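**Student:** Build me a model from this:
(chains A and B)
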Amino acid sequence: KAGVTQTPRYLIKTRGQQVTLSCSPISGHRSVSWYQQTPGQGLQFLFEYFSETQRNKGNFPGRFSGRQFSNSRSEMNVSTLELGDSALYLCASSLGETGNTIYFGEGSWLTVV
Amino acid sequence: AQSVAQPEDQVNVAEGNPLTVKCTYSVSGNPYLFWYVQYPNRGLQFLLKYITGDNLVKGSYGFEAEFNKSQTSFHLKKPSALVSDSALYFCAVRDRPGGATNKLIFGTGTLLAVQP
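**Tutor:** This is a model prediction of the structure:
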């Protein structure tokens, strides 16, 4: 069974640009969450989608957005990139019910220059 | 608010010795607790979770964790450490916003260094 797949794995963007990251959850999983990991702030929750609806949202500015498609695949978008957005972005998936195991992908490394 | 604390930034242990990585939690209601491991330049790998039931939870790669409600702790343990266990370990608790969610709140991580 394939794990959580994230693309691209590495990317470099310039300040002011926008970026879209993609996540394919484990087959059958309906919940997809996104996290940002930085050395200074650690692991911070961005948002969670369940059956195409945003179920929870973290404390990030509106430049960070996401969506989920009918096949449970998810994308997150960051507009007007800032240097501080450089981070590892992790996607996680689960069946969606409370207590289900949450599995993470390998992440997308974003560098903003 | 839900939170977890990992009081040690780094734990050093010799190969073959038992290891413990500490985690304490603060939650309202019953906690759902998780341990993950992260190797350099990789994502998070699930090790184990506590939802309910036995206080001793067994997980992947020989790891186990002991849930202690009175001490609000969920320490990760392994009887005999391997050099390959060297990695960053995260404790996490599921948030409880009043509805269904799989949002996790993570600790700051503990770097485990196993010396040969």
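**Student:** Which parts of chain B are strands?
**Tutor:** Shown for chain B, the strands assigned by DSSP state E span residues B:3-5, B:10-14, B:19-21, B:24-26, B:33-38, B:44-50, B:56-58, B:64-68, B:73-78, B:87-94, B:104-106, B:110-115.
**Student:** Can I get the ones you listed in TSV including mean neighbour count and distance to chain A?
**Tutor:** Bear in mind the C-beta positions are built from the backbone N, C-alpha and C, glycine included. Below are these laid out as TSV (neighbours: other Cβ atoms under 10 Å in any protein chain shown; distance: least, Cβ to the nearest Cβ, whole Å):
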stretch	mean neighbour count	distance to chain A
strand B:3-5	17	11
strand B:10-14	14	15
strand B:19-21	20	16
strand B:24-26	17	16
strand B:33-38	24	7
strand B:44-50	21	4
strand B:56-58	14	12
strand B:64-68	18	14
strand B:73-78	21	15
strand B:87-94	23	7
strand B:104-106	22	4
strand B:110-115	17	12
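**Student:** got a markdown table for those, with distance to A:F64 too?
**Tutor:** Output for those, formatted as a markdown table (distance: least, Cβ to Cβ, whole Å):
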| stretch | distance to A:F64 |
| --- | --- |
| strand B:3-5 | 23 |
| strand B:10-14 | 31 |
| strand B:19-21 | 31 |
| strand B:24-26 | 27 |
| strand B:33-38 | 22 |
| strand B:44-50 | 20 |
| strand B:56-58 | 34 |
| strand B:64-68 | 32 |
| strand B:73-78 | 30 |
| strand B:87-94 | 21 |
| strand B:104-106 | 18 |
| strand B:110-115 | 28 |
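**Student:** What pLDDT is listed against the residue nearest the centre of chain A?
**Tutor:** With distances taken as Cα atoms, centre = their mean, A:W34 lies nearest the centre of chain A, 3.2 Å away. As predicted, A:W34 sits at a pLDDT of 98.
**Student:** try B:G99
**Tutor:** pLDDT, B:G99: 65.
**Student:** Pull the contacting residues for the residue nearest to B:L56 when sequence neighbours are not counted.
**Tutor:** Nearest in space to B:L56, with sequence neighbours left out and distances taken as Cβ to Cβ, 6 or more residues apart in numbering or on different chains, is B:E66 at 5.5 Å. Residues counted as contacts of B:E66 (Cβ atoms under 8 Å, 6 or more residues apart in numbering or on different chains) are B:55-57, B:73-75, B:77.
**Student:** Could you do A:F50 as well?
**Tutor:** A:30-32, A:68, A:96, B:100.
**Student:** Report the beta-bridge partners for it.
**Tutor:** Under the criterion DSSP bridges, A:F50 forms beta bridges with A:S31, A:T53.
**Student:** hang on, A:S93 packs against A:W34?
**Tutor:** No: A:S93 is not in contact with A:W34 according to Cβ atoms under 8 Å; the separation is 10.5 Å.
**Student:** Now for the two: what residues contact both?
**Tutor:** Contact criterion Cβ under 8 Å, 6+ apart; residues bridging A:S93 and A:W34 by contacting each: A:C23.
**Student:** next one: phi and psi at A:E97?
**Tutor:** For A:E97, the backbone dihedrals are phi -90, psi 150 (criterion: degrees, to the nearest 10).
**Student:** Could you name the helices and strands sitting against the helix or strand of chain A at the bottom of the mean pLDDT ranking?
**Tutor:** One helix or strand of chain A scores below all others by mean pLDDT, DSSP states H and E: strand A:53-57, with a mean of 92. In terms of contacts (3 or more Cβ pairs under 8 Å, 6 or more residues apart in numbering or on different chains; DSSP states H and E), strand A:53-57 is packed against strand A:42-50.
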